[in-house]
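Student: Sequence and predicted structure, then a few things I'm wondering about:
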Amino acid sequence: MRTLFVSLSVLLFLFSCSKSPEETSQFLIQDYLKNTMKDWGSYESVKFGSLDSAFTIYTDTQESIFEMKKIDSINNISSDFQNRANENISAALKVELLDSAIFYNEMGKKLLNEYNHKLKSFKGEFNGWKMKHTFRGNNSYGAKTIETMLFYFDKDITRITSSYNQND
């Protein structure tokens with residue numbers, strides 16, 4: 001009986017020492033900031049947000065990147081036709097160039113509407129976790145600033161996969 005009690009006590013101690021996912025995320029954030037801040041000694045934590053699920057977003061997919069490049073190219077072609085129509089050219093050529101500009105402009109609008117539909121209907125897949133953190137620290141001039149950053153973690157919360165300054 002005594003051995004069982006000791007064994008249970010040891011197991012309880014071991015499990016109580018492990019960090020929660022929130023604590024692990026906070027530790028990773030502080031470690032990241034320790035290595036990236038201009039003056040780590042001036043660091044003051046203001047607030048950690050809650051740990052939340054992160055999902056893939058359409059704008060990060062290869063399809064989205066390809067579609068946006070295509071839309072940009074078509075819009076550039078339309079602009080080129082409009083600019084050429086403003087040059088000192090014959091009326092017949094001007095009409096032809098403006099017709100082409102209108103055609104490509106309409107094509108660009110149609111593709112943009114399709115893109116927006118895909119963007120709204122996209123169902124992302126779980127790809128990890130995210131947490132916001134607000135903190136104070138000295139910038140490179142020694143002035144105290146307040147920053148809010150969004151950190152993304154892998155599924156197992158073992159590393160930060162990306163971070164974004166929310167002040168920009």
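Tutor: In hand now; what should we look at?

Student: got the buried residues for the helix ranked longest in the chain?
Tutor: With secondary structure taken from DSSP state H, the chain has its longest helix at helix 91-121. For helix 91-121, the neighbour count (16 or more other Cβ atoms under 10 Å) marks 97, 100, 101, 104, 105, 107, 108, 111, 115 as buried. (Each C-beta comes from the backbone N, C-alpha and C, glycine too.)

Student: give the contact list for the closest residue to residue 81 other than its chain neighbours.
Tutor: Take residue 81 and drop its neighbours on the chain: the residue closest to it by Cβ to Cβ, 6 or more residues apart in numbering is residue 101, 3.7 Å away. The contact partners of residue 101, by Cβ atoms under 8 Å, 6 or more residues apart in numbering, come to 78, 79, 81, 82, 85.

Student: Show me which strand runs longest in the chain.
Tutor: For the chain, the longest strand by residue count, based on DSSP state E, is strand 126-138.

Student: Give the buried residues for the helix or strand that that one is followed by.
Tutor: Beyond strand 126-138 in the direction of the C-terminus, DSSP states H and E gives the next helix or strand as strand 144-153. Residues of strand 144-153 classed as buried under the neighbour-count rule (16+ other Cβ under 10 Å) are 147, 149, 151, 152, 153.

Student: Please name every helix or strand in contact with strand 144-153.
Tutor: If you count contacts as 3 or more Cβ pairs under 8 Å, 6 or more residues apart in numbering; DSSP states H and E, strand 144-153 packs onto helix 21-36, strand 126-138, strand 160-165.

Student: Any of the contacts of residue 101 buried? List them.
Tutor: Buried subset of the contacts of residue 101 (neighbour count, 16+ other Cβ under 10 Å): 78, 81, 82, 85.

Student: out of everything not next to it in sequence, what's closest to the last one?
Tutor: Computed as Cβ to Cβ, 6+ apart, the closest residue to residue 85 that is not its neighbour in sequence is residue 97, at 3.9 Å.

Student: wait, what's in contact with the one you found?
Tutor: By Cβ under 8 Å, 6+ apart, the contact list for residue 97 reads 81, 82, 84, 85, 89.

Student: Please tabulate those residues in a markdown table, including the columns distance to residue 27.
Tutor: Compiled in a markdown table, these are given as follows (distance: Cβ to Cβ, whole Å):
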| residue | distance to residue 27 |
| --- | --- |
| 81 | 57 |
| 82 | 56 |
| 84 | 59 |
| 85 | 61 |
| 89 | 67 |
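
Student: Which of those sits closest to residue 131?
Tutor: Distances from residue 131 to the contacts of residue 97, taken as Cβ to Cβ, are shortest for residue 82 (46.8 Å).

Student: residues contacting that closest one?
Tutor: Counting by Cβ under 8 Å, 6+ apart, residue 82 has contacts 97, 98, 101.

Student: Lovely, talk soon.
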